[in-house]
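Colleague: Give me the fold of what follows.
(2 chains)
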Amino acid sequence: MTSPSYRVLIGAIVASFTIATAVAANAGGVTYIQQADGSSRTYRDVSVRLSGQTLWLRSADHKGTLKVVNGACSFADGLQRCLPYSVTLYQGGAAREIGLSHGTVFLNLSSEVGHLPHSSEVVAPQHIVAFLYTQRGTYISLKGKLDEVAP
Amino acid sequence: MNGRLRCAFALGLIAFVPAATLAQNHGAQPPPASHPAPPPPHAAPPPPHAAPPAPHAAPPPPRVAQPPKPVEQPVRGFNLPHETPPAPPPHVNPPPHVNPPPHVNPAPPQHVNPPSQRVNPPPQHVNPPPRNYHQATFYGNVNYGPYWNRFHGPVIVNPHPWNGWGWNNNVVWNPAPIYWGGGFWGPYALAGLAGLTSYGSYLYDQNQQYYPSYAIAENTPGEILLQNYGLQQTQCGQPNLVVIWGPRNSVICAYPNNAVGPGMYQVNPTNLTLVSMV
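Modeller: Numbering: from 1, shown residues only, chains lettered A, B, ... in the order given. Down below sits the predicted model:
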């Protein structure tokens, strides 16, 4: 039962899952954008940087950056909850202000898993979950790991 | 023999699983549902040099004219076509019902008795304002309704002694401008206020202006404030209530209790205290 071949097999499986997990953990944030007409697009490997109360989301191809300015940051069930009030898209050498209707940004800057209020959704340590809704009816959601946190 | 086969299978598994994971992570982005966007660049056919020539094989034939590559316009950055041109900001402006505060002495409030008629204000909870006290100042344009410049009365010390921003895990709370009350009472965007059930309103009889009020959301600074003082929110518009003016011309009302008598107060968010009106 415990022949060397089995040990190799088990070791290979464990190593494979370890590598796969590590690769997945380095994937950064995933941003989902749904337009007002229902079309949607998912952006993977989004770089997520938090500087003070400003959130910077950079696309994987480094061609676009969303700047989300937060305020009214308070704490709920261990998570820091902020209200975004300004969104700017930096893309193609231009800055475009996006009218924001409302949204919520949940940050877990602790070392423990946090639960979203009234939800079974959990936010891992150093992770972020954000939901934005623009005045033109575009939904922007983000979930992923904070790649950088600066004061 | 059997062991060697298992070893070979294991090595193959090691090589395959990470590659498959990488392929998933860097795979093609799903195209928009309604916009027939061109295929992403990774979906292009493999280049001709992908197939390595067999050793000792004849030299590859001269490359013939390659068919023109399809014109690909991959979406670079974030695709937000509906967000151009910039939307007019009708919802970001302050609510139209809020007028600039008057500089004349207003008449006594309609719904609130003057402070001299407060019910059971325990003196041990009322401290004189500190000498250096001034209007609570923190980042952002913060207005406190029509009486914004008249809250220089006694400070009702919070029964829960907070040091500085201790009530907010020592994180400075700054109002988010596009939300009612700056987000102090709840994440209510001005654009979404129409969908909320009004929780009464305060009538400023100097100019017959109504200030709407809404129910306080859970896990908000406003709820912490009411819990600390043991206050229970009620609809504004009744007499002899505790009227609390919050950031950005927001107002809520509560039943008076032994700690806070009826009257008008302003929130000082720096230490989560109530400041009464002179």
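Colleague: closest point of the stretch 1-150 of chain B to chain A, which residue?
Modeller: As assessed by Cβ to the nearest Cβ, chain A sits closest to residue B:77 within the stretch 1-150 of chain B, at 2.1 Å. C-betas here are computed from N, CA, C, even on glycine.
Colleague: Tell me how far that residue lies from residue A:57.
Modeller: 10 Å (Cβ to Cβ, to the nearest Å).
Colleague: can you list residues touching both of the two?
Modeller: Residues touching both residue B:77 and residue A:57 (Cβ atoms under 8 Å, 6 or more residues apart in numbering or on different chains): residue A:65.
Colleague: So for these two, which sits in the more crowded spot?
Modeller: Each of residue B:77 and residue A:57 has its neighbours counted (other Cβ atoms under 10 Å in any protein chain shown); residue A:57 has more, 25 against 19.
Colleague: what helix or strand is the nearest residue in space to that one that is not next to it in sequence on?
Modeller: Nearest non-adjacent residue to residue A:57, counting by Cβ to Cβ, 6 or more residues apart in numbering or on different chains: residue A:66, 4.2 Å away. Assessed by DSSP states H and E, residue A:66 sits inside strand A:64-76.
Colleague: Is the residue nearest to residue A:57 in contact with residue A:95, as I believe?
Modeller: No. Applying Cβ atoms under 8 Å, one finds residue A:66 not in contact with residue A:95, separated by 10.9 Å.
Colleague: Could you point out the helix or strand that follows the least confident helix or strand in chain B by mean pLDDT?
Modeller: Lowest on mean pLDDT, DSSP states H and E among the helices and strands of chain B sits strand B:126-127, with a mean of 37. Once the chain leaves strand B:126-127, the next helix or strand it forms, by DSSP H and E, is strand B:155-156.
Colleague: for that next one, packing partners?
Modeller: Packing partners of strand B:155-156 (3 or more Cβ pairs under 8 Å, 6 or more residues apart in numbering or on different chains; DSSP states H and E): strand B:126-127, strand B:273-276.
Colleague: right, and the helix or strand after that strand?
Modeller: Per DSSP H and E, strand B:155-156 leads on to strand B:198-204 as the next helix or strand towards the C-terminus.
Colleague: list the buried ones in that following strand?
Modeller: B:199-204 (16 or more other Cβ atoms under 10 Å in any protein chain shown).
Colleague: And stretch A:128-135, by the same measure?
Modeller: The neighbour-count check on stretch A:128-135 (16+ other Cβ under 10 Å) flags A:128-135 as buried.
Colleague: What are the boundaries of the strands in chain A?
Modeller: Using DSSP state E, the strands of chain A run over residues A:29-34, A:40-51, A:54-58, A:64-76, A:79-91, A:94-98, A:100-108, A:114-115, A:122-123, A:127-134, A:139-145, A:148-150.
Colleague: how about the ones you listed, which one is nearest residue B:248?
Modeller: The closest of the strands of chain A to residue B:248 is strand A:64-76. By Cβ to Cβ, the value is 10.4 Å.
Colleague: Next, the contact list for the residue of the stretch 1-150 of chain B closest to chain A, please.
Modeller: So residue B:77 contacts A:59, A:61, A:63-65, A:89, A:91-92 (Cβ under 8 Å, 6+ apart).
Colleague: Would you quantify the distance from the closest residue to it other than its chain neighbours to residue A:103?
Modeller: Leaving aside its sequence neighbours, residue B:77 sits nearest to residue A:64 (Cβ to Cβ, 6+ apart; 2.1 Å). Separation of residue A:64 from residue A:103 (Cβ to Cβ): 18 Å.
Colleague: which residues of the chain score low on pLDDT?
Modeller: In the absence of a named chain, this looks at chain A. Counting by pLDDT under 70, the low-confidence segments of chain A come to A:1-27.
Colleague: oops, chain B please
Modeller: Scanning chain B for pLDDT under 70 picks out B:1-75, B:84-144, B:148, B:191-197.
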